[in-house]
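Q: Fold the following, please.
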Amino acid sequence: MSIAFTFPGQGSQAVGMGMDLAEAFPEAAAVFAEVDDALGEKLSDIMWNGPEETLTLTANAQPALMAVSMAVIRVLEAKGLDLKSKVSFVAGHSLGEYSALCAAGTFSLADTARLLRIRGNAMQAAVPVGKGAMAAIIGLEHDDVEAVCRDASSLGSCQIANDNGGGQLVISGEKPAVEKAAALASEKGAKRALMLPVSAPLPFRLDDAGGRGHAQGARNGREARSRGSGRRERACCAGKRCGRDRAPACRAGDRAGALARDGRVVCGP
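A: Down below sits the predicted model:
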């Protein structure tokens, strides 16, 4: 049986995440210290002490979640895990793709932290804080979720962003429209319609600032790759395709299903 490690995306962050790891394992503490140094600030203090609204800002949540994921990896490696020989695939949901690339050795930890800060700033530039929202809809068919998005569109942009598989769809757009669509989904019989703790609800229509920022992040990504160790593992993105106008819904469930047929381990909070 092959083993795949998958890494989480935004929405799974929580104040206090990673603190127990840092206190128990010096390898984890070293990860958080290196990320702090790369960003030139104490991101770990925001992670462990909040406030929650500051951690939720996408420019903070993205490198923070990656740091926790990599702290888990470093602890596993210290306990004897040889990632290269034991793990066949690494994959991630949205920012988790960057965690996967870092785990595979494609990007250094410091470069990954800086890339995610650039990516987060670009995403936030595209959608000001408080303007947009995302919601997870569980237990409705794809066509039903599309219908509630259309019904809510009189209040603003609203669309399916991710198809995570297993009956879970994520919608994104302008906050009033997403809140309306979530309420309509509940009325249609959704098992859950949960607003997600994100500050930049992408993908959905991006303005020029977001497009320019994402392009800069892509250039920096290529530069980081050229400076990397040259080591490559098989990595795939099971995440949102941001920085593209009217980006199609990511079918993350298709990728996750393929990995699940072999066996996967989720790394992160």
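Q: show me where the chain has strands.
A: 4-7, 89-92, 132-138, 158-165, 168-174, 192-195, 235-237, 264-266 (DSSP state E).
Q: Can you redo the ones you listed as a markdown table, where the extra columns are distance to residue 72 and mean neighbour count?
A: In this view, the C-beta of every residue, glycine as well, is placed from N, C-alpha and C. A markdown table is the format used below for the strands of the chain (distance: least, C-beta to C-beta, whole Å; neighbours: other C-beta atoms under 10 Å):
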| stretch | distance to residue 72 | mean neighbour count |
| --- | --- | --- |
| strand 4-7 | 9 | 27 |
| strand 89-92 | 12 | 26 |
| strand 132-138 | 23 | 24 |
| strand 158-165 | 21 | 22 |
| strand 168-174 | 23 | 26 |
| strand 192-195 | 25 | 17 |
| strand 235-237 | 17 | 18 |
| strand 264-266 | 9 | 16 |
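Q: Would you mind checking which of those strands scores lowest on average pLDDT?
A: Of all the strands of the chain, strand 235-237 carries the lowest average pLDDT, namely a mean of 38.
Q: how many neighbours does the residue lying closest to residue 19 once chain neighbours are set aside have?
A: Excluding the flanking residues, the one nearest residue 19 by C-beta to C-beta, 6 or more residues apart in numbering is residue 48, at 4.5 Å. Number of residues near residue 48 (other C-beta atoms under 10 Å) recorded here: 19.
Q: can you check the one 10 residues further on too?
A: The number of residues packed near residue 58 is 25, by other C-beta under 10 Å.
Q: and residue 176, what does it touch?
A: Each residue near residue 176 by C-beta atoms under 8 Å, 6 or more residues apart in numbering is listed here: 155-156.
Q: quick one: it and residue 75, what's the gap?
A: 43 Å (C-beta to C-beta, to the nearest Å).
Q: same thing with residue 55?
A: 22 Å.
Q: between these two, who's got more neighbours?
A: Neighbour count, other C-beta under 10 Å: between residue 55 and residue 75, residue 55 has more, with 23 against 17.
Q: Give me the nearest residue to the more buried one, chain neighbours excluded.
A: Closest to residue 55 by C-beta to C-beta, 6+ apart is residue 46, at 5.4 Å.
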